[in-house]
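Asks: My questions concern the predicted model and sequence given below.
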Amino acid sequence: MKENRYWAVVFMFVLTAILSTILIGLARFTEPQVRLNQQIAFETAAVRCIPSTEAKTPAEIHAIFERDFVKPESAAGAFVYQPSGKAAGYALPFSGQGFWSTIRGVIGIGIDRKTVLGIWFYEQAETPGLGARIVEPFFYGQFAGKTLSPGARPIPIRPVADATDKDIAAISGATQTCVRLEKLLNTAIEEWRNKMTQGGQGQ
Amino acid sequence: MSNGTAVKSSKQIILDGLWFENPIFRQILGICSTLAVTNVVVNTLVMCVSLSLVTALSCATVSALRNQTPRSIRMMVQVLIIAFYVIIVDLLLKAYWPEMSRQLGPYVGLIITNCIVMGRCEAFAGSNKPWPSFIDGLFSGIGYSVVLLAIAAFRELLGMGTILGFAMPYFSTQWDKWIIMVMPPAGFFVLAMVLWICRSIDVKGQKK
């Protein structure tokens, strides 16, 4: 084994260059697939947050998304779900900073703009076993059927002990995730409702 | 070993990886991931396959470069090579198995710091030829996998009543599910039980 100091630098430099080149090549090669996966993840969230749709495979989901979801100007950033041409609900995308990284999801809201149809998170990297449990049915299942209350906190997430039937019960041990989730979700709904009301006055 | 030198036969390398020098219950290496990914069998399986491949390929590469690698920077080189393979696994999972990539989250990246990989590179691959190093890495990985899968099957069965997501008779119906089994604390005591059992089994030819 060679002990020359310059050799050590040259060796490390060359090895790093070769390995990085291969990785960059592979990353470029897989990039379109990764983007497609993100698109599928979003479409899945949009379709799943409205529980009346019964799509299972990615192909079915994509077909339903293309057929039944439109994004008109008047919906203020939300998608309108209109099976058989008649509007039946809104799918509102939201995102914001969670505890560790960005949480993204879609919330389904009824055509009355008050009833929550469902929610689906498609991107999060919260603490596994704690905050990451927002993607488990016991948590996201609570949203369906809730009524958005007027004011700045349409859908409160409260500690289990304080939560009433109108609230979402937070996850014990994941206070930071729940506090941030409540903030980003309520901000998104509040902003959307305001825009919708302003748009609605013009109609 | 017939030749009596430090060169081990393939059979001995395999047996060492699987039992006599098993990374988990003999060397107590890679425990962090043992605790973290063993609550559901399918996650464990992907983690084990990834780790075994990364260990095997890293060991072979470290071994192939061992005569060119300056001793003073050998650990940097090892980490670089290990990171290279781990990033490949991560990229492939992200592109072709996004659900799994999402479930495993940061744990794939953390294979880089798994002590088993670097341990085998340093202890074996640095002074052996590429093929024995590959075998050594692969079977250390498999030795790790067997123990992890046993722990995961036990935890998933008692905690959720399923194995690989399939409902098991009795456990999915009558059994009162022990939620703690899929929570982090169970990793500690199931691992401790596995260590206790495996270390109590006395196999002929075992090094004390």
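Replies: Good, I have the coordinates. Numbers count the residues shown, from 1 in each chain, chains lettered A, B, ... in the order given.

Asks: for chain A, what spans make up the helices?
Replies: A:5-48, A:58-68, A:137-140, A:175-202 (DSSP state H).

Asks: hmm, the last one in reach of chain B?
Replies: No - contact between helix A:175-202 and chain B, assessed by C-beta under 8 Å from any C-beta of the partner chain, is absent, since the two come no nearer than 13.8 Å. No exception for glycine: its C-beta is placed from N, CA and C like everyone else's.

Asks: Of all the helices of chain A, which one comes closest to residue B:119?
Replies: helix A:5-48 (21.0 Å; C-beta to C-beta).

Asks: That closest one - contacts with which helices or strands?
Replies: Helix A:5-48 is packed against helix A:58-68, strand A:89-97, strand A:102-110, strand A:116-123, helix B:74-96, helix B:98-104, with contacts defined by 3 or more C-beta pairs under 8 Å, 6 or more residues apart in numbering or on different chains; DSSP states H and E.

Asks: how many degrees apart are that helix and helix A:58-68 in direction?
Replies: 60 degrees (axes from the mean of the first three to the mean of the last three C-alpha atoms, to 10 degrees).

Asks: what's around the residue in chain A that chain B sits nearest to, how many residues?
Replies: For chain A, the residue closest to chain B is residue A:30, as judged by C-beta to the nearest C-beta, at 3.7 Å. When neighbours are defined as other C-beta atoms under 10 Å in any protein chain shown, residue A:30 has 17 of them.

Asks: Let me know whether it touches residue B:89 as I believe.
Replies: No - in this structure, residue A:30 is not within contact of residue B:89 by C-beta atoms under 8 Å, at 11.9 Å.

Asks: Pull up the gap between residue B:62 and residue B:180, please.
Replies: Residue B:62 sits 40 Å away from residue B:180, going by C-beta to C-beta, to the nearest Å.

Asks: out of these two, which sits in the more crowded spot?
Replies: Higher neighbour count among residue B:62 and residue B:180: residue B:62, with 28 against 13, using other C-beta under 10 Å.

Asks: so that one is in which element?
Replies: Taking DSSP states H and E as the criterion, residue B:62 maps to helix B:41-64.

Asks: Tell me how far that helix lies from the chain's centre.
Replies: Between the centre of helix B:41-64 and the centre of its host chain there is 7 Å, according to C-alpha atoms, centre = their mean, to the nearest Å.

Asks: Tell me, how many residues neighbour residue A:116?
Replies: Using other C-beta under 10 Å, residue A:116 has 21 neighbouring residues.

Asks: got a list of what it touches?
Replies: A:107-110, A:143-148, A:155 (C-beta atoms under 8 Å, 6 or more residues apart in numbering or on different chains).

Asks: Let me know the pLDDT of it.
Replies: According to the prediction, residue A:116 has pLDDT 93.

Asks: what do you get for the one 3 residues further on?
Replies: According to the per-residue confidence, residue A:119 scores 94 in pLDDT.

Asks: which residues does it form a beta bridge with?
Replies: When bridges are called by DSSP bridges, residue A:119 pairs up with residue A:107.

Asks: who's in contact with it?
Replies: By C-beta under 8 Å, 6+ apart, the contact set of residue A:119 is A:49, A:105-108, A:140, A:143-144.

Asks: what residues are shared contacts of residue A:30 and residue B:89?
Replies: When contacts are counted by C-beta under 8 Å, 6+ apart, the set common to residue A:30 and residue B:89 is empty.

Asks: Next, format the helices of chain A as a markdown table and append mean pLDDT.
Replies: As requested, these are exported to a markdown table (pLDDT from 0 to 100):
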| stretch | mean pLDDT |
| --- | --- |
| helix A:5-48 | 92 |
| helix A:58-68 | 86 |
| helix A:137-140 | 91 |
| helix A:175-202 | 85 |
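
Asks: how about stretch A:90-110: buried residues?
Replies: A:90-94, A:98-100, A:103-110 (16 or more other C-beta atoms under 10 Å in any protein chain shown).

Asks: whoops, I mixed them up, stretch A:121-130
Replies: In stretch A:121-130, counting by 16+ other C-beta under 10 Å, buried: A:121-128, A:130.

Asks: Identify, from these, the entry nearest to residue B:15.
Replies: Using C-beta to C-beta, the buried residues of stretch A:121-130 come closest to residue B:15 at residue A:128, 34.4 Å.
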